[in-house]
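**Q** Fold the following.
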Amino acid sequence: MSLIQIAAVVFWVCLACVCYAYLGYPILVWCLARLFGRLLSPPPQVDADLPSVTLLIAAYNEEAEIEKRVQTALMTDYPREKLEILIASDGSSDATPAIVRRYTDRGVRLLDYKQRRGKAAVLNAAFPEVRGDVVLLSDANTQIDPSALRKMVRWFNDPAVGVVCGRLILTDPDTGRNVDSLYWKYETFLKKCENGLGALLGANGAIYAIRRVLYAPIPNDTIVDDFVLPLQAKLRANCRIVYECGAVAREETPLGIGAEFHRRSRIGAGGFQSIALLWPLLRPRYGWTAFTFFSHKVLRWMCPFFLILLLISNLCLFDDSFYRLIFSGQVGFYLVSLLAAFLPPRLPLLKPLRLTTMFTGMNAALLVGFWRWLRGSQKAAWKRTARVAEAGGTLG
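**A** Numbering: from 1, shown residues only. Below you'll find the predicted structure:
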């Protein structure tokens, strides 16, 4: 086989993989969910049968948010004698522990860890301290609807269910309105399809619940605990992971492109790291989960490399007028994505152009995440995202 033929094979294989990961898979998983999916309902439940629940929040330097978060937790529509609120401070150097202590007389517990170690290490240390049969995990900057907990715990009446994931809505920091991006809606659509197949992958760190008995310590350097924990439970107990879209949590969108890029590159590093822990899920015996894990996650994480090879192989085929046209299209796409990043974000007519920025930025973040994972430079201890309250009320 000549070099030109090899380049052509690489080009078309890479193009097919990218198209499948972003377009083919959503169509296919929707069709499969319609053909083979099951519409499940949670078992009926009365108050007397409600399990005991611990709301566990790992917090680092959240003095601007933690009081509001505790107050919201205390308003949860759940029998107070069956709900424990536990705040685990990961070496906070601000007033976070002092603020939480104001609520100890109302049953809020504080685990004040003096050394900052990262969320995974905090969860490993805190889980032996929890008292609830079900543990609801959330973040300090998340506001959970009062009714969400009841909607989630009813699923645990089914012994096959081990993890329940709620729905996260992104809100505008200034108006509080729902500003879910097209990408977020796209991911929510995939969750619903995968849920129908019984092959949901991971959870939203802002709102998910797990049976306490299914928790097993994860490596302290784990970056994306909300992905690893549910799927580790799936590996250990072959339990079901359920998506409850009626259990709603809300979070403000990050301030600016830089904060979002950092978040996505961190998730990317965590994704590559998680393959070493979760690769057994690719075995055929895991059925639909093996299919969704490979298609939705592994192939998606590999797309930056497919895109690079697509450009290189296309350049090798430059003598052909057809491939020259395709190469020009690729270069044009990336130039448009770069220019669109500087366009006003709120102009409706420009939103399609910003999709190119989203696609390019997401894959660039994955590439940075891969490099950080390879070098071991991505730390498990998370970096707080700046929020409007701390930035003078303006979007940077």
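**Q** Show me which helix or strand of this protein is least confident by mean pLDDT.
**A** helix 256-278 (a mean of 85; mean pLDDT, DSSP states H and E).
**Q** Just the buried residues of that helix, please?
**A** Using 16 or more other C-beta atoms under 10 Å as the burial criterion, the residues of helix 256-278 that qualify are 259-261, 264-274, 277-278. Any C-beta I mention is one placed from the backbone N, CA and C, and that applies to glycine too.
**Q** okay, it in PDB with CA atoms only?
**A** C-alpha atoms of helix 256-278 as PDB (Å, rounded to 0.1, in the frame of the first residue of the first chain):
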ATOM      1  CA  GLY A 256     -15.900  33.800  30.900                       C
ATOM      2  CA  ILE A 257     -14.300  31.400  28.400                       C
ATOM      3  CA  GLY A 258     -11.100  31.000  30.500                       C
ATOM      4  CA  ALA A 259     -12.900  29.500  33.500                       C
ATOM      5  CA  GLU A 260     -15.000  27.100  31.200                       C
ATOM      6  CA  PHE A 261     -11.800  26.000  29.300                       C
ATOM      7  CA  HIS A 262     -10.100  25.200  32.600                       C
ATOM      8  CA  ARG A 263     -13.100  23.200  33.800                       C
ATOM      9  CA  ARG A 264     -13.300  21.200  30.500                       C
ATOM     10  CA  SER A 265      -9.600  20.500  30.400                       C
ATOM     11  CA  ARG A 266      -9.700  19.300  34.000                       C
ATOM     12  CA  ILE A 267     -12.700  17.000  33.100                       C
ATOM     13  CA  GLY A 268     -10.700  15.800  30.000                       C
ATOM     14  CA  ALA A 269      -7.700  14.900  32.200                       C
ATOM     15  CA  GLY A 270     -10.100  13.000  34.500                       C
ATOM     16  CA  GLY A 271     -11.600  11.200  31.600                       C
ATOM     17  CA  PHE A 272      -8.300   9.800  30.400                       C
ATOM     18  CA  GLN A 273      -7.400   9.000  34.000                       C
ATOM     19  CA  SER A 274     -10.700   7.100  34.500                       C
ATOM     20  CA  ILE A 275     -10.100   4.700  31.600                       C
ATOM     21  CA  ALA A 276      -7.500   2.900  33.700                       C
ATOM     22  CA  LEU A 277     -10.100   2.300  36.400                       C
ATOM     23  CA  LEU A 278     -13.200   1.700  34.300                       C
END
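**Q** Check which helices and strands the helix or strand following that helix sits against.
**A** Once the chain leaves helix 256-278, the next helix or strand it forms, by DSSP states H and E, is helix 288-292. In terms of contact count using 3 or more C-beta pairs under 8 Å, 6 or more residues apart in numbering; DSSP states H and E, helix 288-292 is assigned the packing partners helix 25-36.
**Q** picking that back up, which among the buried residues of helix 256-278 gets closest to G369?
**A** G268 (2.4 Å; C-beta to C-beta).
**Q** So the closest one sits against L366, correct?
**A** Yes - with contact defined as C-beta atoms under 8 Å, G268 and L366 form a contacting pair (4.1 Å).
**Q** residues bridging contact with these two, i.e. touching both?
**A** Common neighbours of G268 and L366 (criterion: C-beta atoms under 8 Å, 6 or more residues apart in numbering): W301.
**Q** Please enumerate the helices of this structure.
**A** Per DSSP state H, the chain carries helices over the ranges 3-19, 25-36, 66-74, 96-101, 119-126, 148-153, 182-196, 225-237, 256-278, 288-292, 299-316, 321-340, 351-375.
**Q** Adding distance to V53, write these out as JSON lines.
**A** Output for those, formatted as JSON lines (distance: least, C-beta to C-beta, whole Å):
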{"stretch": "helix 3-19", "distance to V53": "42"}
{"stretch": "helix 25-36", "distance to V53": "30"}
{"stretch": "helix 66-74", "distance to V53": "11"}
{"stretch": "helix 96-101", "distance to V53": "19"}
{"stretch": "helix 119-126", "distance to V53": "15"}
{"stretch": "helix 148-153", "distance to V53": "6"}
{"stretch": "helix 182-196", "distance to V53": "22"}
{"stretch": "helix 225-237", "distance to V53": "17"}
{"stretch": "helix 256-278", "distance to V53": "27"}
{"stretch": "helix 288-292", "distance to V53": "26"}
{"stretch": "helix 299-316", "distance to V53": "33"}
{"stretch": "helix 321-340", "distance to V53": "44"}
{"stretch": "helix 351-375", "distance to V53": "33"}
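**Q** Where among those is average confidence lowest?
**A** Here the helices of the chain differ in mean pLDDT, and the lowest is helix 256-278 at a mean of 85.
**Q** Run the angle between that helix and helix 299-316 for me.
**A** On the basis of axes from the mean of the first three to the mean of the last three C-alpha atoms, to 10 degrees, helix 256-278 is oriented at 110 degrees to helix 299-316.
**Q** Determine the set of other helices and strands touching helix 256-278.
**A** helix 225-237, helix 299-316, helix 351-375.
**Q** Just name the most buried of those.
**A** Stretch with highest mean neighbour count among those: helix 225-237 (a mean of 21; mean count of other C-beta atoms under 10 Å).
**Q** next one: that helix to chain centre, how far?
**A** Centre-to-centre, helix 225-237 and its host chain are 13 Å apart (C-alpha atoms, centre = their mean, to the nearest Å).
**Q** Understood, closing this out.
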